[in-house]
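[1] Turn this into a structure:
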Amino acid sequence: MYALMYGVIGVYGFARLLRLPNPPQILGRVMLLVVLGLFLGSIMPGLWFSLGGWLKTGIFSWHRSIRVIGGMVVVIPAAYFILRHYGIPIGRAFDLGSLPIPLGLAIGRLGCLAAGCCGGAPSDSLLAMALPDLNGVWAARYPTQWLSAGANLVIFFMLVSWERYGTNKVGAKKGYPFDGFLFLLFLELYFIKRFLVQFLRNDNLPLMGPLSGTHLFFLAGIGMVSSVLLIRLWRNKEN
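    Numbers count the residues shown, from 1 in each chain. Coordinates of the predicted model:
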C-alpha cells in the first residue's frame with residue numbers, strides 16, 4: 001500500500017507539474033528525486049532503530065516503521081534546492097506537487113491498518129473496532145488508521161475545491177493569493193489532523209500534561225506554518 005502511495009504521489013504530482021513551462025524531462029527528474037527523498041526519509045527512523053538494535057545485540061532485525069513525517073522533513077528542504085537548481089518556480093511547484101500528497105497518505109494508511117501499526121488505544125467507545133496492534137494483539141481500539149485515511153481524503157478534497165473555486169471565481173491560473181499558499185494550507189491542515197489523532201493512538205505517551213512529544217512537535221509546526229501564512233497574507237494585502 002505504501003508503494004502504491006508513492007506511485008500515486010509521483011504520477012499525479014508529475015501530471016500537475018506539467019502545467020509549468022519547464023521541459024517535461026526535467027520535471028520528471030525532479031518528481032522522481034522528490035518521491036525518492038520522501039521514501040528514504042520515511043524509512044530513516046525505522047532504519048535508525050534497526051541499526052541501534054544491531055549494535056546492542058549483534059542481530060539485525062528490520063524495524064517495520066515508515067514515518068511519513070520523517071520523509072516530509074527530508075524532502076521539503078531537498079525539493080527547495082532541487083527546484084532552485086533547475087530554475088523551476090519554487091512556490092508554484094510546491095503548490096502543484098503538494099496536492100497529491102494527502103491522497104497518497106489516505107492510501108498509505110490502509111497499509112498501516114493491514115500491518116497494525118499507528119493503531120489506536122484500547123477503547124470501549126462507540127468508535128472502537130476490533131483491530132490488531134503491531135504485535136498482532138487484537139482488542140477493541142480507536143480506528144486511528146481509518147480516521148487518518150478519512151481525514152487525509154477530506155484535506156485532499158478541500159485543497160482541490162479551494163484551487164478550483166478560486167480559479168473559477170477570479171478567472172486566474174491559480175485560485176489562491178500567492179504562490180506557495182496551497183502547500184502551506186496542506187501543511188496546516190495535516191499538522192492539525194495529526195495533532196488531534198495523536199490523542200487516540202496507542203503510542204501516545206504524555207510528556208507535558210496530556211500532550212506527548214509528538215503533540216509538541218506538531219503544535220510547533222502549526223505555529224510556524226500559521227505565522228508564515230499570516231505574514232504572507234499580510235504582505236500580499238499590502239501589495
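
[2] and A3, how many neighbours does it have?
    Using other C-beta atoms under 10 Å, the number of residues around A3 comes to 11. Bear in mind the C-beta positions are built from the backbone N, C-alpha and C, glycine included.

[3] distance of it from L131?
    23 Å (C-beta to C-beta, to the nearest Å).

[4] Quick check: mean pLDDT of stretch 7-25?
    On average, the pLDDT along stretch 7-25 is 94.

[5] Off-centre distance for that stretch?
    The chain centroid and the centroid of stretch 7-25 are separated by 18 Å under C-alpha atoms, centre = their mean, to the nearest Å.

[6] which residues sit against that stretch?
    Residues outside stretch 7-25 that contact it (C-beta atoms under 8 Å, 6 or more residues apart in numbering) are 27-28, 30-32, 34-35, 38, 86-89, 92-93, 96-97, 99-101, 103-104, 107.

[7] Buried ones among those?
    27, 30-31, 34-35, 38, 88, 92-93, 96-97, 99-101, 103-104, 107 (16 or more other C-beta atoms under 10 Å).

[8] from memory G71 sits against L36, does it?
    No. Using C-beta atoms under 8 Å, G71 is not in contact with L36; the gap is 10.1 Å.

[9] Neighbour count: the two, which is higher?
    Using other C-beta under 10 Å as the criterion, G71 and L36 rank with G71 on top: 23 against 14.

[10] what sits against the more buried one?
    37-42.

[11] Then I88?
    Taking C-beta under 8 Å, 6+ apart as the test, what I88 contacts is 20, 22, 26-27, 30.

[12] secondary structure element for it?
    Assigned by DSSP states H and E, I88 belongs to neither a helix nor a strand.

[13] Can you give me the distance of the closest residue to A93 other than its chain neighbours to S123?
    Nearest residue to A93, sequence neighbours excluded (C-beta to C-beta, 6 or more residues apart in numbering): L83, at 5.2 Å. Distance from L83 to S123, counting by C-beta to C-beta: 44 Å.

[14] Looking at the two, which one has more neighbours?
    L83 (21 against 16).

[15] correct me, but the more buried one touches R92?
    No. Using C-beta under 8 Å, L83 is not in contact with R92, being 9.4 Å away.

[16] tell me which element G223 falls in.
    Secondary structure (DSSP H and E) places G223 in helix 213-238.

[17] oh, I was asking about I59
    Going by DSSP H and E, I59 is not in any helix or strand.

[18] burial of it, as a residue count?
    7.

[19] per-residue confidence for it?
    Reported pLDDT for I59: 70.

[20] what do you get for E163?
    86.

[21] Distance check, it against R16.
    E163 is 10 Å from R16, by C-beta to C-beta.

[22] likewise P122?
    41 Å.

[23] Please report how far the residue of the chain positioned farthest from its centre lies from S161.
    Most distant from the centre of the chain: G58, at 33.9 Å, with distances by C-alpha atoms, centre = their mean. According to C-beta to C-beta, G58 and S161 sit 54 Å apart.
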